[in-house]
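# predicted model and sequence below, questions to follow.
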Amino acid sequence: MIRVENLTKRYGSVTAVDGATFTVRPGTVTGFLGPNGAGKSTVMRMLTGLTPPTSGHATVLGRAYRDLPNAGAHVGVMLDASAQHPGRTGREALTLASIAIGVPRTRVDEVLRLVGLTDDEAGRRVRTYSLGMRQRLGLAGAFLGEPRVLVLDEPANGLDPQGIHWMRGLLRDFADRGGAVLLSSHLLAEVQAVADDIVVIGRGRIVAQGPVAELVDGLGAIARSLDDAALVAALEAAGHAAAATASGVVVEAEPVDVARIALAAGIVVTDLRPHGAQGLEDLFLRLTADDAREVAA
Ligand SMILES: Nc1ncnc2c1ncn2[C@@H]1O[C@H](COP(=O)(O)OP(=O)(O)OP(=O)(O)O)[C@@H](O)[C@H]1O
């Protein structure tokens, strides 16, 4: 549904995106994750024809976005929710967009309902909208043409916890009906809760990608025992890299293998689980560390 191949963008001496390659499969939500300035928006702008790449190319539904006939009807895009005309009402903005892409006006009411904007809110000028309301209006615009693909840049920004929960349900449902979603965020937890696949970008380069389940499974296990030093030694003797940390023994092995090794070595294990979410967070921070301003500072 989306194919990004060797995409590079340079602004003078700044390489904003450096040879990015990934795909977004139908029926999935793909989280596009990276710290501030990593290059997420630039990739999305190149994908939707707003910024020409320095090299490489990107296709949506098999074609360059600009070559898609009536792209707006097939691809829902929300890049900058605050870019909407402040003097128009939400309903006017959607009505104009519906005319531009040739969908019936009745669709405006449908998408307003879909994103939970009331008649009263839709009749107000966008300049009076909160950030969360702008995001909802942006999402309404993205859904207007009954798209098969959604490209959304930080759609959760400004949404309250209920709003974020609602948006996840909306995107999950869209993907479950066969649609493809590319969703950027700088927050791992936000993406992990809804994404099937994750693409991690740091300093313009893709540093990891794959199904969330695989990324998490590949992260091994974390264990506590009555003798962590002996557990580390037993795990290492069995050929698994292991280290004692403040949160327990972190090991590159499945929990079941850790349990067997501990049993054979007569070590009492008090806690054992997949490294899971904590591991993914660590992985994300490590992979993008070069880019992290805090580290640089
Ligand atoms: N028009 C431009 N001119 C010069 N540099 C730019 C331009 N657009 C982006 N950049 C630079 O490219 C890099 C990537 O920016 P981009 O906006 O794609 O990052 P991002 O991952 O979307 O960040 P954020 O999470 O903060 O939105 C940054 O260093 C940015 O300063």
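Now that the structure is in, tell me what you want to look at.
# and for residue 258, the neighbour number?
For residue 258, the neighbour count with other C-beta atoms under 10 Å is 27. The way it works is simple: take the backbone N, C-alpha and C, and place the C-beta from them, glycine included.
# residue 123: how many residues sit nearby?
The burial count for residue 123: 12, using other C-beta under 10 Å.
# averaged pLDDT, stretch 263-272. What do you get?
For stretch 263-272, mean pLDDT is 96.
# what's next to it, contact-wise?
The contact list for stretch 263-272 (C-beta atoms under 8 Å, 6 or more residues apart in numbering) reads 221-227, 230-231, 234, 248, 255, 258-259, 262.
# for residue 117, phi and psi?
phi -90, psi 130 (degrees, to the nearest 10).
# report the separation between it and residue 87.
18 Å (C-beta to C-beta, to the nearest Å).
# so for those two, which residue has more residues nearby?
Using other C-beta under 10 Å as the criterion, residue 117 and residue 87 rank with residue 117 on top: 22 against 9.
# residue contacts, the closest residue to the more buried one other than its chain neighbours?
Nearest residue to residue 117, sequence neighbours excluded (C-beta to C-beta, 6 or more residues apart in numbering): residue 136, at 5.4 Å. If you count contacts by C-beta under 8 Å, 6+ apart, residue 136 has them with 115, 116, 117, 159, 163.
# got the residues of the stretch 51-200 of the chain near the ligand?
residue 186 (C-beta under 6 Å from any ligand atom).
# repeat the analysis, applying 8 Å as the threshold.
51, 153, 154, 184, 186 (C-beta under 8 Å from any ligand atom).
# doesn't the fourth one lie inside a helix?
No: with DSSP: H, G, I helix; E, B strand; the rest coil as the criterion, residue 184 is assigned strand and is not in a helix.
# who's it bridged to?
According to DSSP bridges, the residues that bridge with residue 184 are residue 32, residue 153.
# wait, doesn't it sit right on residue 40?
Yes: using C-beta atoms under 8 Å, residue 184 is in contact with residue 40, at 4.2 Å.
# and the contacts of stretch 263-272, which of them are in strands?
Residues of those located in strands (DSSP state E): 221, 222, 223, 224, 225, 248.
# Provide a list of residues in contact with the fifth one.
Looking back up the chat, that one is residue 225. Going by C-beta under 8 Å, 6+ apart, residue 225 touches 231, 249, 262, 267, 268, 269, 270.
# at 7 Å instead, please
231, 262, 267, 268, 269, 270 (C-beta atoms under 7 Å, 6 or more residues apart in numbering).
# of the residues you listed - the most surrounded one?
That'd be residue 231 among those, by other C-beta under 10 Å, with 25 neighbours.
# how about that one: what's its closest non-neighbour residue?
Nearest non-adjacent residue to residue 231 (C-beta to C-beta, 6+ apart): residue 225, at 4.6 Å.
# how far away is that neighbour from residue 272?
9 Å.
# how deep is residue 98 tucked in, by neighbour count?
20.
# can you confirm it is in a helix?
Yes: checked against three-state DSSP, residue 98 lies within a helix.
# low-scoring stretches of this structure, by residue?
81, 216-218, 276-279, 289-297 (pLDDT under 70).
# domain boundaries for this protein, per the record?
2-209, 220-274 (automatic domain parsing).
# among those, which is the most enclosed?
Of the domains of the chain, the one with the most neighbours on average (mean count of other C-beta atoms under 10 Å) is domain 2-209, at a mean of 18.
# first vs last residue of it, how far apart are they?
15 Å (C-alpha to C-alpha, to the nearest Å).
# how far away from the center of its chain is that domain?
Using C-alpha atoms, centre = their mean, to the nearest Å, the mean C-alpha position of domain 2-209 is found 10 Å from that of the whole chain.
# where's residue 187 relative to residue 83, distance?
Distance from residue 187 to residue 83, by C-beta to C-beta: 22 Å.
# then residue 91?
18 Å.
# same check, this time on residue 104
From residue 104 to residue 83 the distance is 25 Å (C-beta to C-beta).
# before we move on, back to that, nearest to residue 286, of the domains of the chain?
Judged by C-beta to C-beta, the one of those that comes nearest to residue 286 is domain 2-209, at 9.2 Å.
# doesn't residue 45 lie inside a helix?
Yes: when classified by three-state DSSP, residue 45 is found to be part of a helix.
# for it, which non-adjacent residue is closest in space?
That would be residue 51: by C-beta to C-beta, 6+ apart, it lies 4.0 Å from residue 45.
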